[in-house]
Every structure is written in C-alpha cells, then in structure tokens.
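how would this look folded up:
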Amino acid sequence: MRVLTDPFLRSRLGPLQRHGPLPDARDLAGLDVVVITHGHQDHFDAASLAEIPGRPLFVVPRGLGAATRQATGGAVEEVVEGDRVTVGGLSITALPARHWISPGSPRAQPLGYRIAAGVATYFAGDTGPFDGLRDLAGTVDVALLPVWTWGPHLGPGHLGPRSAAEVVRDIGASAAVPIHWGTLYPRRLHRVWPGPLAEPGDRFAAHAARIAPTVDVRVLRPGDSTTF
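Okay, here's the model as predicted:
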C-alpha cells in the first residue's frame, strides 16, 4: 500500500520558500490513500492535490470534503476523531490533535492518524502536546512527529524537539522520524538565521537519545528516504 500524507508540491507558499528538492508528482503514481490532517495551506493545498495522479482515496477531516472533491474529482472520506477507514489490508484511524483553525479557513477539526497494516504508524500532522497522546502507548511502532513549524519561532499548537522526544518516550514507539522542519521557511531568512530551518531534526535526535534511548531515530533531510 502507498500512503501520502499532507502533500505540498509547490516551491513557494506566500512568503515561504521551499528548501530541498521539489517533489515530482509523477513519482506519486500508484497511490492508494492520501491523508490530510487539517486545513492550513501548508498541509491542505488544493493545487498540490490536483497534481496527484491516479485515483487514490482521500481521507480528510470533516469539513474539507467538498474542497477536496473540487480539487481532485476523486473519492473522499470525511472523518472525525475515532473514525476508522479500511482500504484493503490498511486501517486508518482518526486521532485527536491539539492545533488551531485559522479564521476564514474551513471549520475542520485538526486530526492525526494511526495508519496500520501489520506495522502501526502514527502520523501526527500538526499538534501541540496533550494528555491524550499517552493513550497511544503500546499501539505505535513508528512515530512521524512534527518537531518545528515553518518560521523562526515555534509558536503554540506545535511540538518542539524536546516535547516531541517526550511524546516518543510516552507512547513507546520503536522508531521515530522527525517531520515538519527543514522545508518551508521565510524567503531569504535562512541567510541570516539558519538555525530554525536546519537544526530541529538533530535537536530532536539528541533529546530522544537522552530520554528515550531505545528508540530508533531516523533524521531525514528533504529528499532522503529510509526503510524499516
């Protein structure tokens, strides 16, 4: 099964510039499922969704269904926390997330997902820490956790390198990949303030080594890949 998460395939988003290679939509042929966590444009971009080839199933928070259908013309499943969607041998469960809904954006509650087919992967999307994360303990093999945001400051509703490492420890994941860093950043700011763009992944790995030393952490730069 091939699953794509929160695709953003463009080189720019307003004042933000992409760092690293631009994804080629042709490499996305044969997708089975695309999951969307929330309606912010760096996670839900209609232009990017329209480029996706084939006819995958789009799993989106309730409130994003109409916009997704308009962009893709494909099959869409709207979900809320606790819902489960099955595609072949793949089970996708909608989980809570602590994030915000921007004024003027679709009233779609942000979600995370547990994606399981033998191995269970937790894709958090965007979230800050919340007590319910501990309920995932013992149910996750691989955690894809955000460790920063697109700007120089972390801001509310996000995990940082240390808090993400604490989540990995609390849920008992065997492996973790830090995400949501190193890609989008205000144009030209990296020339004078490169740290928030370049460092969060390694900072997460350092915190995890101290507080969750048994976790297999894979720090991937844009364009890298790994196999479990």
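
do you know how far the residue sitting furthest away from the middle of the chain is from Pro152?
Using CA atoms, centre = their mean, the residue of the chain lying farthest from its centre is Val192. It sits 27.3 Å away. Applying CB to CB, to the nearest Å, one obtains 10 Å for the distance of Val192 from Pro152. All C-beta atoms are positioned from the backbone trio N, CA, C, and that covers glycine.

mind listing what's buried in stretch 97-106?
Neighbour counts using 16 or more other CB atoms under 10 Å place Ala97, Arg98, His99, Ile101, Pro106 of stretch 97-106 among the buried residues.

what's the answer for stretch 213-227, then?
In terms of neighbour count (16+ other CB under 10 Å), stretch 213-227 has its buried residues at Val215, Val217, Arg218, Val219.

from these, which land in strands?
Where the buried residues of stretch 213-227 overlap with strands, as defined by DSSP state E, the overlap consists of Val217.

nearest to Ile115 among the buried residues of stretch 213-227?
Distances from Ile115 to those, taken as CB to CB, are shortest for Arg218 (16.9 Å).

wait, what's in contact with the closest one?
Under the criterion of CB atoms under 8 Å, 6 or more residues apart in numbering, the contact list for Arg218 reads Ala175, Ala176, Val177, Thr226.

which of these are buried?
Buried by 16+ other CB under 10 Å: Ala175, Ala176, Val177, out of these.

quick check: mean pLDDT of the helix or strand harbouring the last one?
With elements delineated by DSSP states H and E, Val177 resides in strand 175-179, which encompasses its position. Throughout strand 175-179, pLDDT has a mean value of 98.

ok, stretch 17-32 next?
According to the model, stretch 17-32 has a mean pLDDT of 95.

now do it: everything it contacts.
Around stretch 17-32, the neighbours that count as contacts under CB under 8 Å, 6+ apart are 1-4, 7, 9-12, 51-54, 56-57, 87-88, 90, 182-188, 190, 197, 221-223.

chain center to that stretch: distance?
Shown here is stretch 17-32, whose average C-alpha point lies 15 Å from the average C-alpha point of the whole chain (CA atoms, centre = their mean, to the nearest Å).

and it, what's buried?
Buried residues in stretch 17-32, counted by 16+ other CB under 10 Å: Gln17, Arg18, His19, Pro23, Leu28, Leu31.

so where's this structure shaky on pLDDT?
Scanning the chain for pLDDT under 70 picks out 104.

same thing but 80
For the chain, the stretches flagged by pLDDT under 80 are 100, 102-107.

can you show me the helices along it?
Taking DSSP state H as the test, the helices found in the chain are 46-51, 65-72, 161-171, 195-198, 200-211.

what about the strands in this protein?
Shown for the chain, the strands assigned by DSSP E span residues 3-5, 12-13, 16-18, 33-35, 57-61, 76-79, 84-87, 90-96, 111-117, 119-123, 142-146, 175-179, 184-186, 216-217.

would you reformat those as CSV and include distance to Gly132?
CSV is the format used below for the strands of the chain (distance: least, CB to CB, whole Å):
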stretch, distance to Gly132
strand 3-5, 20
strand 12-13, 30
strand 16-18, 30
strand 33-35, 19
strand 57-61, 17
strand 76-79, 17
strand 84-87, 17
strand 90-96, 5
strand 111-117, 10
strand 119-123, 12
strand 142-146, 15
strand 175-179, 19
strand 184-186, 28
strand 216-217, 23
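
what about the closest residue to His153 other than its chain neighbours, how many residues nearby?
Excluding its sequence neighbours, the residue lying closest to His153 (CB to CB, 6 or more residues apart in numbering) is Pro196, at 7.5 Å. Other residues near Pro196 come to 20 when the count uses other CB atoms under 10 Å.
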